[in-house]
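Enquirer: Have a look at this prediction, sequence included:
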Amino acid sequence: MARIASVEIFLVDLLPKVVRTDAVQSFERQETPIVRITDSDGAVGVGYSYTIGTGGSAVARLLDEHLAPMLPGREAGDVEGLWRELMYRVHATTVGALTSIALAAIDTALWDLRARRAGLPLHRLAGGAKDRIPLYTTEGGWLHLPTEALVEGALQARADGFHGAKLKVGRPHVAEDVARIAAVREAVGDDWDIMVDANQGFSVPEAIRRARAFEPLDIAWLEEPIHADDVHAHRRLSASTTLPIAVGESLYSLSQFKDYLQSDACSVVQVDVGRIGGITPWLKVAHMAEAYNVPVCPHFLMEIHVALCCAVPNSRWLEYIPQLDLITQSGMRIEDGHGVPSQAPGLGIDWDWAGIERLARHRSRHG
């Protein structure tokens with residue numbers, strides 16, 4: 001390959017298409033750090049990550065002042081080596097969200113550049129395990145929606161070809177959550193999957209109570225029931241219910257996933273490329289989960305996760321939440337309720353640079 005000639009950083013705010021609420025927060029906007037790397041041959045790789053409304057300016061400063069200046073002159077193909085050097089450069093701020101978000105923007109750009117130079121789509125370069133992945137949608141299951149709207153959204157999702165839907169839980173009383181889920185289950189029937197997500201809103205006793213109340217409704221998984229840094233609590237919960245327990249969107253290192261898997265504290269791994277620090281650690285987590293016979297169902301970022309899900313054999317579901325439409329020229333390909341990765345070299349994201357330039361609230365260049 002060639003050496004890195006320049007690194008450009010953009011920070012773009014994207015507003016959600018619908019109101020998104022869960023048990024602990026509201027999704028205000030997606031702050032999107034975008035990194036564009038150009039090598040000495042003129043080849044370009046583009047990567048990105050995200051926040052859900054806070055911290056984007058801190059990520060941009062971390063990129064500008066500490067990470068991007070390390071890249072010009074380095075061999076672009078040394079993706080693993082560069083990831084480790086960048087991580088140790090900011091070692092004092094790991095393990096943490098802001099550092100992982102910054103690392104992810106660079107790492108995904110380096111993988112995009114590598115794949116483009118190799119003439120391969122990401123899903124083939126990273127493994128080539130399959131050519132499509134089933135979709136479930138979260139867009140109709142937000143916590144503020146009345147039960148009637150949940151039912152209507154689930155029925156529309158089924159009619160649109162989705163294979164399942166996620167409902168947010170965490171209403172003040174368990175009976176409210178049960179009634180909402182039961183109404184959706186009755187409407188869609190038994191042969192369609194329902195996932196539920198508590199967004200870390202429960203104590204251990206309440207999580208056990210609600211899990212047992214949800215069991216008769218045949219839930220595909222209970223997601224983030226307890227604060228994500230409490231492995232012991234998740235092990236207690238997993239031993240107390242037949243429901244699969246899903247974690248991962250709020251974990252930021254390979255070691256954290258190792259602790260969960262070794263402890264039998266989860267049944268579904270939801271590793272997020274934007275929060276684990278990029279494609280380099282994402283693939284390690286996915287293969288580690290495979291060794292434990294645990295499926296990977298990544299959180300958010302469907303436009304890049306569609307390729308990663310098709311790179312590994314133990315992927316099971318892809319979450320449908322569109323968010324890049326304002327800065328891309330075409331969306332993710334969907335066929336029969338499945339996400340289909342792009343066959344174009346690289347990540348397969350068709351960026352709209354005019355849109356990015358128009359919406360960027362920060363821009364810088366190094367090299």
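Expert: Arrived safely, thanks for sending.
Enquirer: so where's the stretch 251-367 of the chain shaky on pLDDT?
Expert: The model of the stretch 251-367 of the chain has no residue with pLDDT under 70.
Enquirer: residue ranges of the helices in it, please?
Expert: When secondary structure is read from DSSP state H, counting those that start in this stretch, the stretch 251-367 of the chain shows helices at 254-262, 273-276, 279-291, 302-311, 353-359.
Enquirer: To H234, which of those helices lies closest?
Expert: helix 254-262 (6.8 Å; CB to CB). C-beta here means a position set from N, CA and C on the backbone, and glycine is covered the same way.
Enquirer: Buried residues of that closest one, list them for me.
Expert: L254, Q256, F257, D259, Y260, L261 (16 or more other CB atoms under 10 Å).
Enquirer: burial of V184, as a residue count?
Expert: Neighbour count of V184, defined by other CB atoms under 10 Å: 23.
Enquirer: Quick check: closest non-adjacent residue to it.
Expert: A154 (4.8 Å; CB to CB, 6 or more residues apart in numbering).
Enquirer: One more: R185?
Expert: Nearest residue to R185, sequence neighbours excluded (CB to CB, 6+ apart): L217, at 5.3 Å.
Enquirer: That neighbour is in contact with A183, isn't it?
Expert: No. Here L217 does not reach A183: they are 10.3 Å apart, not a contact under CB atoms under 8 Å.
Enquirer: Now stretch 82-98: average pLDDT?
Expert: Stretch 82-98 comes out with an average pLDDT of 93.
Enquirer: Restricting to C-alpha, output that stretch in PDB.
Expert: The C-alpha atoms that make up stretch 82-98 are tabulated as PDB, following Å, rounded to 0.1, in the frame of the first residue of the first chain:
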ATOM      1  CA  LEU A  82      -1.900   1.800  13.900                       C
ATOM      2  CA  TRP A  83      -4.900   0.900  16.000                       C
ATOM      3  CA  ARG A  84      -2.700  -0.200  18.900                       C
ATOM      4  CA  GLU A  85      -0.500   2.800  18.600                       C
ATOM      5  CA  LEU A  86      -3.400   5.200  18.600                       C
ATOM      6  CA  MET A  87      -5.000   3.400  21.500                       C
ATOM      7  CA  TYR A  88      -1.800   3.600  23.600                       C
ATOM      8  CA  ARG A  89      -1.500   7.300  22.700                       C
ATOM      9  CA  VAL A  90      -4.700   7.900  24.600                       C
ATOM     10  CA  HIS A  91      -4.300   5.100  27.000                       C
ATOM     11  CA  ALA A  92      -5.100   7.300  30.000                       C
ATOM     12  CA  THR A  93      -8.600   7.900  28.700                       C
ATOM     13  CA  THR A  94      -9.400   4.300  27.900                       C
ATOM     14  CA  VAL A  95     -11.600   2.300  28.500                       C
ATOM     15  CA  GLY A  96     -14.300   4.900  27.600                       C
ATOM     16  CA  ALA A  97     -16.800   6.000  25.100                       C
ATOM     17  CA  LEU A  98     -15.200   9.200  23.800                       C
END
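Enquirer: which residues sit against that stretch?
Expert: Identification of contacts with stretch 82-98 by CB atoms under 8 Å, 6 or more residues apart in numbering yields 51, 55, 58-59, 62, 66-67, 70-71, 74, 99-100, 102-103, 106-107, 110, 252-253, 255-256, 275, 277-278, 280-281.
Enquirer: Repeat that for stretch 152-164.
Expert: Contacts for stretch 152-164 (CB under 8 Å, 6+ apart): 134-137, 139-141, 145, 165, 184, 187-188, 192-195, 220, 317, 320, 334, 336-337.
Enquirer: about what we covered before: looking at the helices of the stretch 251-367 of the chain, spot the one closest to T241.
Expert: Among those, helix 254-262 sits nearest to T241 (CB to CB), with 16.0 Å.
Enquirer: just to revisit the earlier point, mark which of the contacts of stretch 82-98 are buried, thanks.
Expert: 51, 55, 58-59, 62, 67, 70-71, 99-100, 102-103, 106-107, 110, 252-253, 256, 275, 277-278, 280-281.
Enquirer: Which residues are in contact with A118?
Expert: By CB under 8 Å, 6+ apart, the contact set of A118 is L125, P345.
Enquirer: Alright, calling it a day.
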